[in-house]
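K.L.:
Below: sequence and its predicted model.
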Amino acid sequence: MVREQYTTTTQGTSLERPEKQYVYNIGIYGWRKRCLYLFVLLLLIILVVNFALTIWILKVMWFSPTGMGHLRVTSEGLRLEGESEFLHPLYAKEIHSRVDNSLLLHSSQNVTVNARNSDGQITGRLTVGPKMIETHGQHFQINSKNGKMLFSVDENEVLVGTDKLRVTGPEGAIFEHSVETPLVRADASKQLRLESPTRSLSMDAPRGVHIKAQAGKIEALSQRDIKLHSSDGTIVLDAETVRLPKLPLGSNGGSGSSQELFEICVGPDGKLYRSVAGLGSTC
């Protein structure tokens, strides 16, 4: 490109025209021009590739105005259709399934549900593993569909709110400490057995202990003594026959017996007393 220099003259002045004219070349020529075109072409290719990749990602991920793939954004929250896999923790206020389908949580290791307070500390945890179900919390409660408490556990006690607690195991129920219940009953076709293999068995009640067998018999077996004690009242043995078959028999009568054997007698008023045993009855 050539730039020419012009001089203007006014009346009354005389300027000499310069003898030499300077010419300036403006532009990019040679290898610089070819590099510039190559760079522009490379940018155009990258732009086309990026645009094609963007279209491909939108198509593969099923982007739409309402969501992405099986994920839909509704006024009530997020809705997932089909199976979904989460690689990191999921935080949600409420998770529920469709009305006609069930909610399934599946994991190859375990499923853990945590409850946190406002400070971010875990206040409750439920872990379902391949071998056990574990829960952590201050209180655990199971309610029926109408809101009735069925089972409740805390640090102090365990409550069973059902009308009947049935233990179907062949070994029965084992309690390491005391048990408080208004009724202990076996099925109609099975026996009821209260047993303490290495310690004593004690039954206490403020208004009395009632033992009843509608069919069959009642047996009380002990390695040592069996004590029937009533602090304020009487002990009534109401039966047609009361037998003590293993009482030893005396060899001679009289008050000076050296064997110190006695006989249990029943008076007309129903009270029991003892008498020195002899060859015959001394009552």
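P.N.:
Thanks, I have it. Residues are numbered from 1 along each chain as shown.
K.L.:
Please name the bridge partners of Trp159.
P.N.:
Heads up, residue 159 is Leu, not Trp. Ser152 (DSSP bridges).
K.L.:
Gly161 against Met149, yeah?
P.N.:
Yes. Taking contacts as CB atoms under 8 Å, Gly161 lies within contact range of Met149: 4.2 Å. For glycine as for every other residue, the C-beta is placed from the backbone atoms N, C-alpha and C.
K.L.:
nearest spatial neighbour of Arg193, skipping sequence neighbours?
P.N.:
Of all residues not flanking Arg193 in the chain, Gly172 sits nearest, at 7.6 Å (CB to CB, 6 or more residues apart in numbering).
K.L.:
now do Gly233
P.N.:
With CB to CB, 6+ apart, the residue lying closest to Gly233 is Gly208, at 7.9 Å.
K.L.:
So the one you found: helix, strand or coil?
P.N.:
Under DSSP: H, G, I helix; E, B strand; the rest coil, Gly208 falls in the coil class.
K.L.:
Neighbours of it, how many?
P.N.:
For Gly208, the count of nearby residues is 7 (other CB atoms under 10 Å).
K.L.:
do the same with Gln141
P.N.:
By other CB under 10 Å, neighbour count at Gln141 equals 13.
K.L.:
hey, what's it bridged with?
P.N.:
Assigned bridge partners for Gln141, using DSSP bridges, are Ser152.
K.L.:
where does the stretch 1-150 of the chain have low pLDDT?
P.N.:
1-27 (pLDDT under 70).
K.L.:
Repeat that for the stretch 151-283 of the chain.
P.N.:
In the stretch 151-283 of the chain (pLDDT under 70), the answer is 247-259.
K.L.:
Could I get the contacting residues of the residue nearest to Val266 when sequence neighbours are not counted?
P.N.:
Distances taken as CB to CB, 6+ apart place Leu272 nearest to Val266, at 5.9 Å, with adjacent residues excluded. Going by CB atoms under 8 Å, 6 or more residues apart in numbering, Leu272 touches 264-266.
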